[in-house]
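*Asks:* Okay, structure incoming, though there's no sequence with it:
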C-alpha cells in the first residue's frame, strides 16, 4: 500500500501528543485525521474508513478498548488494523489489548521514528490481504467484504484469529511459512505471543474447515502452507 493512499485515524485526547503524531504521519507522506474521543472516532470510521487506527488507551468518554471491541465486532470494519497508544507498560495491559484484537501497541513516550516504523510495518503486513475479491481454495470461499467463510457452499463460524490466518494463507497459496513468519505477518512480532500459539490456531482452523482442513499442510521442520495439491 503506497503512503499517499493510506489514511490514518489518530484517536488521542491530549492535544500535544495528537499534534505530534499527526505531524509525524504527514511528514512521512500519510494522510492523517484526529478524533478526541470514542464517539467521534466511531463516527469517523463509519463515514470514512481509514486504513489504520492509532488508538489511545485512555480517552475521556470511554476506554480505547471499547472502540477496539466495537471495531472487531463489526463485520464491515473488523479487519481494520489498530495500533494501541498507551502509557500502560504492564504486560497484562498489553495482553489485554492483543486479546481484544489490537495488531500492535506502542508505549508512551515513543519517538517519531518508532511510530513511523510501526505504522509502516503494519501497513506492509496487511497489504496483501486488502483484496476485496472472493478468495478461494478447493471448496473454501472467503468473502473479505462480508467477512464470511463458506465450505461447500455452507457458511461456517470462524474465530477472528482463524479468519485472519485463513485469509493470509489464501492470499499466499503454495508458499511455506515458518511459525515465526506467520506470527509476524498475521499478528505482529509480539513477545507476549509464542510460536506455539500458531499451532493452536492452525488446529482450530483445520477443525472449523472440517473436510477442507486438508488444505492447510504441515511442512515438517519448517511450518505451514495452504495447498490444493
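*Replies:* Cool, got the structure. Note that this is a predicted model, so its numbers are computed, not measured. Numbers count the residues shown, from 1 in each chain.
*Asks:* could you pull out the helices for this protein?
*Replies:* Ranges of helices within the chain are 15-27, 38-47, 64-73, 91-99, 112-126, 160-171, 179-182, 196-209, based on DSSP state H.
*Asks:* out of the ones you listed, nearest to residue 58?
*Replies:* Proximity to residue 58 (C-beta to C-beta) singles out helix 64-73 among the helices of the chain, at 6.9 Å. All C-beta spots, glycine's among them, are computed from the backbone N, C-alpha and C.
*Asks:* Give me the helices and strands touching the helix or strand of the chain with the lowest mean pLDDT, please.
*Replies:* When the helices and strands of the chain are scored by mean pLDDT, DSSP states H and E, helix 91-99 comes last with a mean of 73. When contacts are defined as 3 or more C-beta pairs under 8 Å, 6 or more residues apart in numbering; DSSP states H and E, helix 91-99 packs onto helix 64-73, strand 82-86, strand 104-107.
*Asks:* Please identify the deepest-packed of the ones you listed.
*Replies:* A comparison of those by mean neighbour count, using mean count of other C-beta atoms under 10 Å, puts strand 82-86 on top with a mean of 24.
*Asks:* ok, residues contacting that one?
*Replies:* Residues from elsewhere that reach strand 82-86 (C-beta atoms under 8 Å, 6 or more residues apart in numbering): 12, 17, 21, 52-58, 64, 68, 71, 93-94, 97, 101-108, 110, 118-119, 122.
*Asks:* Need the mean per-residue confidence for that strand.
*Replies:* Across strand 82-86, the average pLDDT comes to 89.
*Asks:* what's the domain layout of this protein?
*Replies:* Listed domain ranges for the chain are 3-129, 135-226 (source: automatic domain parsing).
*Asks:* What average pLDDT does the shortest one get?
*Replies:* When the per-residue pLDDT values of domain 135-226 are averaged, the result is 87.
*Asks:* How many residues are close by the closest residue to residue 62 other than its chain neighbours?
*Replies:* Counting by C-beta to C-beta, 6 or more residues apart in numbering, residue 62 lies nearest to residue 38, which is 4.3 Å off, once chain neighbours are set aside. By the criterion of other C-beta atoms under 10 Å, residue 38 has 23 neighbours.
*Asks:* now residue 38: how far from residue 55?
*Replies:* Computed as C-beta to C-beta, to the nearest Å, the residue 38 to residue 55 distance reads 9 Å.
*Asks:* Overlap of the contact sets of the two?
*Replies:* When contacts are counted by C-beta under 8 Å, 6+ apart, residue 38 and residue 55 are jointly contacted by 11, 64, 67.
*Asks:* List the contacts of the first one.
*Replies:* If you count contacts by C-beta under 8 Å, 6+ apart, residue 11 has them with 34-38, 41, 53-56, 59, 64, 67.
*Asks:* If we use 7 Å, what do you get?
*Replies:* By C-beta atoms under 7 Å, 6 or more residues apart in numbering, residue 11 lies in contact with 35, 41, 53-56, 59, 64, 67.
*Asks:* Save those residues as JSON lines, and put in distance to residue 164 and pLDDT too.
*Replies:* Output for those, formatted as JSON lines (distance: C-beta to C-beta, whole Å; pLDDT from 0 to 100):
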{"residue": "35", "distance to residue 164": "25", "pLDDT": "96"}
{"residue": "41", "distance to residue 164": "22", "pLDDT": "96"}
{"residue": "53", "distance to residue 164": "16", "pLDDT": "96"}
{"residue": "54", "distance to residue 164": "20", "pLDDT": "96"}
{"residue": "55", "distance to residue 164": "18", "pLDDT": "95"}
{"residue": "56", "distance to residue 164": "24", "pLDDT": "92"}
{"residue": "59", "distance to residue 164": "26", "pLDDT": "92"}
{"residue": "64", "distance to residue 164": "21", "pLDDT": "91"}
{"residue": "67", "distance to residue 164": "19", "pLDDT": "95"}
